[in-house]
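**Student:** Generate coordinates for the sequence data below:
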Amino acid sequence: MLAKIKRAYPGFTNLINRDESGRALSSPTAELWHERLNINGVTLDQAMYALDLHIDNERFEPTIADILRPKKQLSIYDVQKIEREQEVLSLKEYHENNIVGPPPDHVLEKLQKLFNKTRVPAFKDYSGGGDENE
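**Tutor:** Next up, the predicted model:
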């Protein structure tokens, strides 16, 4: 994996040292990468997949964190889903931290008027709500 980083990003140095016979020796940098990826349970296949994503999308060489948590391209659906989740969480937090009761009467009146305006006219006669002028 580190050799692939070196090929993709020539400025990425000190990864692999070689002895007189050309056999690869581990450098402190390579040992650190190996240690951190192993501790976090990242398999070689997962690391290579994250590296491929990084190479395809980033100009500079990856850090260990980039391999641990690869950045994926977010679709519009993903962004909207994240925004909705954040809204729900903020509403939950508001309800947990504040006294929440029914809305004031003036808000209920406005909501009722708005609701009456959006009803299908054929059903207005049967619903018993709303003024004829609305």
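**Student:** only C-alpha atoms for contact and neighbour calcs from this point on.
**Tutor:** Noted.
**Student:** From the centroid of the chain, which residue is nearest?
**Tutor:** Centroid-nearest residue in the chain, with CA atoms, centre = their mean: Ile82, separated by 6.7 Å.
**Student:** give me the low-pLDDT residue ranges for the protein?
**Tutor:** The model of the chain has pLDDT under 70 over residues 13-26, 71-74, 100, 119-134.
**Student:** all strands in it, in order from the N-terminus.
**Tutor:** Using DSSP state E, the strands of the chain run over 16-18, 24-26.
**Student:** For Arg69, give me its contacts.
**Tutor:** Ala50 (CA atoms under 8 Å, 6 or more residues apart in numbering).
**Student:** Please report how far it lies from Gly41.
**Tutor:** Arg69 sits at a distance of 12 Å from Gly41 (criterion: CA to CA, to the nearest Å).
**Student:** What separation is there between Glu61 and Val88?
**Tutor:** In terms of CA to CA, Glu61 sits 37 Å off from Val88.
**Student:** Those two - which one has more neighbours?
**Tutor:** A side-by-side neighbour count of Glu61 and Val88, using other CA atoms under 10 Å, places Glu61 first with 17 against 12.
**Student:** can I see the domain layout of this structure?
**Tutor:** Domain assignment for the chain by automatic domain parsing gives 2-68, 73-101, 102-134.
**Student:** Single out the most deeply packed of those.
**Tutor:** domain 2-68 (a mean of 14; mean count of other CA atoms under 10 Å).
**Student:** Report the distance from that domain to the chain centre.
**Tutor:** Relative to its chain's centre, domain 2-68 lies at 24 Å (CA atoms, centre = their mean, to the nearest Å).
**Student:** same question, stretch 78-93
**Tutor:** Mean C-alpha position of stretch 78-93 versus that of the full chain (CA atoms, centre = their mean) differs by 11 Å.
**Student:** In this structure, what residue spans correspond to helices?
**Tutor:** 2-8, 28-39, 44-57, 64-68, 76-97, 105-118, 121-127 (DSSP state H).
**Student:** Now Asn98: phi and psi?
**Tutor:** With angles defined as degrees, to the nearest 10, Asn98 sits at phi -130, psi 150.
**Student:** May I have stretch 27-40 as PDB, with CA atoms only?
**Tutor:** These are the backbone C-alpha positions of stretch 27-40, laid out as PDB (Å, rounded to 0.1, in the frame of the first residue of the first chain):
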ATOM      1  CA  SER A  27      10.900   2.500   8.200                       C
ATOM      2  CA  PRO A  28       9.500   4.300  11.300                       C
ATOM      3  CA  THR A  29       6.800   5.800   9.100                       C
ATOM      4  CA  ALA A  30       5.800   2.500   7.600                       C
ATOM      5  CA  GLU A  31       5.700   0.900  11.100                       C
ATOM      6  CA  LEU A  32       3.500   3.700  12.300                       C
ATOM      7  CA  TRP A  33       1.100   3.300   9.400                       C
ATOM      8  CA  HIS A  34       1.000  -0.500  10.000                       C
ATOM      9  CA  GLU A  35       0.400   0.000  13.700                       C
ATOM     10  CA  ARG A  36      -2.400   2.600  13.400                       C
ATOM     11  CA  LEU A  37      -4.300   0.700  10.700                       C
ATOM     12  CA  ASN A  38      -4.000  -2.600  12.600                       C
ATOM     13  CA  ILE A  39      -5.200  -1.100  15.900                       C
ATOM     14  CA  ASN A  40      -8.200   0.400  14.100                       C
END
